[in-house]
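Chemist: Below is the sequence, then the predicted model.
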Amino acid sequence: MAGIAGQPLASIGQGTQQAIDAAKAAGFSGLSLVTVIAIARAESGLNPNAQNTNTDGSLDRGILQFNSRWHPEVTDSCAYNVNCAFQAAYRVSNQGRDFSPWATYTNKQYAQYLSNTG
């Protein structure tokens, strides 16, 4: 089984492969697949249970750190579920065409993970 850009599964890690599989199932492909995985790595280190409290009291939740204030349509149960989170990301990103809702995209933090998807 191959991961992003044909890398063998063993070289990218199980957590990365789970994220890739969920993102593909949600509809991401090509560059949008690579981008959303890099964003997830930058946002949470691919931790589906990641949670950060913001100064305004809102929470960033799950593998893609959906903010509870800006994305109330993404329930906690969805945000903390890898498959559901990537499905929500596909909708929020306009089917993988607009990643501006993620701070790690707009501030370019995600870019450090583009060449190191494992």
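Modeler: Sure thing, it's come through.
Chemist: So which residue is dead centre in this protein?
Modeler: Central residue of the chain (CA atoms, centre = their mean): residue 40, 3.2 Å from the mean position.
Chemist: what pLDDT does it get?
Modeler: For residue 40, the pLDDT comes out at 98.
Chemist: list the contacts for it?
Modeler: By CB atoms under 8 Å, 6 or more residues apart in numbering, residue 40 lies in contact with 19, 23, 46, 63, 64. Bear in mind the C-beta positions are built from the backbone N, C-alpha and C, glycine included.
Chemist: and the last one, what is it in contact with?
Modeler: Contacts for residue 64 were tallied using CB under 8 Å, 6+ apart; they are 36, 39, 40, 43, 44, 79, 85, 86, 88, 89, 102.
Chemist: buried residues in the longest helix anywhere in the chain?
Modeler: Longest helix of the chain, by residue count under DSSP state H: helix 30-44. For helix 30-44, the neighbour count (16 or more other CB atoms under 10 Å) marks 32-44 as buried.
Chemist: what two of the contacts of residue 40 are the furthest from one another?
Modeler: With CB to CB as the measure, no two of the contacts of residue 40 lie farther apart than 23 and 46, at 11.1 Å.
Chemist: Quick one: mean pLDDT over stretch 14-34.
Modeler: Rounded mean pLDDT across stretch 14-34 is 95.
Chemist: Give me the distance from that stretch to the chain's centre.
Modeler: Chain-centre distance of stretch 14-34: 9 Å, with CA atoms, centre = their mean, to the nearest Å.
Chemist: try stretch 64-84
Modeler: Distance, centroid of stretch 64-84 to centroid of chain: 11 Å (CA atoms, centre = their mean).
Chemist: coming back round to it: Provide the strand pairings for the helix or strand following the longest helix of the chain, with the direction of each partner.
Modeler: Going down the chain from helix 30-44, the next helix or strand is strand 51-53, by DSSP states H and E. Partners of strand 51-53 in the sheet, by DSSP bridges, are strand 59-61 (antiparallel).
Chemist: Right, I'll call it a day here.
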